[in-house]
Structures are given as C-alpha cells and as structure tokens.
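Student: quick one: sequence and predicted model below, then my questions.
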Amino acid sequence: MWIRSSFCTESGCLEAVRWGDLVLMRNSTEPNMAPLAFTQSMWRSFLVGVRTEEHAWKWWRSQDDIKWTPDEAAAFRAGVLAGEFDGLIRVEGH
C-alpha cells in the first residue's frame, strides 16, 4: 500500500511503498508514471539527505524525474522528519 505524509494537504502528494527489497516513490497525481526505485541503502541515504537538507536532496528536488510543487516537497519533508517513512526500511531478517 502506498503511503503519504500526514502533512499532505493537497490532492497531489509524494508517496512511497516497499516493494520487495526496493522502495518506490511517485507523485500521486501521476500514478501511471514509472516510480523512482531506491535500494534499501539508497533510501536510507535519501532520508538522511531530506532530514538534513543535504546537497543531494536539493539537487534531486530540481530534477524532472517526479513533478511536484513546493508544498508537496514540504509536506514530504515534514513526514520524513516525523519518521513516517522509516517503516519502509527493511529490518534484517524480515
């Protein structure tokens, strides 16, 4: 099941799902567009970057892989800061 930040107030939100060993991410307004795929280690690094506003997160936000509004990005970041996407990280042995 795709999850989105509880801070999302628009009809469009960034959402993610664990799919096997991957985490997939998309914008809910474009569900038929191919999602971004992250390995577990990439997802962990991505969340750290979102939390700390590292250069990689800022760079990624500027790319055209997923279209989003500043409000969608802010809601996603707020959800990451609240730990809402941590459950997508696979725990060894599970």
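Tutor: Thanks, I have the structure now.
Student: ranges for the helices of this structure?
Tutor: 40-52, 55-61, 70-81 (DSSP state H).
Student: can I get these in a markdown table with mean neighbour count and mean pLDDT?
Tutor: All C-beta spots, glycine's among them, are computed from the backbone N, C-alpha and C. Rendered in a markdown table, the data for these read as follows (neighbours: other C-beta atoms under 10 Å; pLDDT from 0 to 100):
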| stretch | mean neighbour count | mean pLDDT |
| --- | --- | --- |
| helix 40-52 | 16 | 89 |
| helix 55-61 | 13 | 63 |
| helix 70-81 | 18 | 89 |
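Student: which one of those helices lies closest to residue 4?
Tutor: Residue 4 sits nearest to helix 70-81 of all these, at 7.4 Å, using C-beta to C-beta.
Student: gap between that closest one and the chain center?
Tutor: 9 Å (C-alpha atoms, centre = their mean, to the nearest Å).
Student: can you check stretch 36-46 too?
Tutor: Worked out by C-alpha atoms, centre = their mean, stretch 36-46 lies 9 Å from the chain centre.
Student: re the thing from before, including distance to residue 89, could the helices of the chain go into a markdown table?
Tutor: A markdown table is the format used below for those (distance: least, C-beta to C-beta, whole Å):
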| stretch | distance to residue 89 |
| --- | --- |
| helix 40-52 | 6 |
| helix 55-61 | 17 |
| helix 70-81 | 12 |
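Student: looking at these, which is closest to residue 1?
Tutor: So among the helices of the chain, helix 70-81 is nearest, using C-beta to C-beta, at 15.3 Å.
Student: what angle do the closest one and helix 40-52 make?
Tutor: 110 degrees (axes from the mean of the first three to the mean of the last three C-alpha atoms, to 10 degrees).
Student: convert the C-alpha atoms of helix 70-81 to PDB, please.
Tutor: The C-alpha trace of helix 70-81 is given here as PDB (Å, rounded to 0.1, in the frame of the first residue of the first chain):
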ATOM      1  CA  PRO A  70       6.900  23.300  -3.300                       C
ATOM      2  CA  ASP A  71       4.000  22.400  -0.900                       C
ATOM      3  CA  GLU A  72       4.300  18.700  -1.900                       C
ATOM      4  CA  ALA A  73       8.000  18.700  -1.200                       C
ATOM      5  CA  ALA A  74       7.500  20.500   2.200                       C
ATOM      6  CA  ALA A  75       4.800  18.000   3.200                       C
ATOM      7  CA  PHE A  76       7.000  15.100   2.200                       C
ATOM      8  CA  ARG A  77       9.900  16.500   4.200                       C
ATOM      9  CA  ALA A  78       7.700  17.100   7.200                       C
ATOM     10  CA  GLY A  79       6.600  13.400   7.000                       C
ATOM     11  CA  VAL A  80      10.200  12.300   6.800                       C
ATOM     12  CA  LEU A  81      11.100  14.500   9.800                       C
END
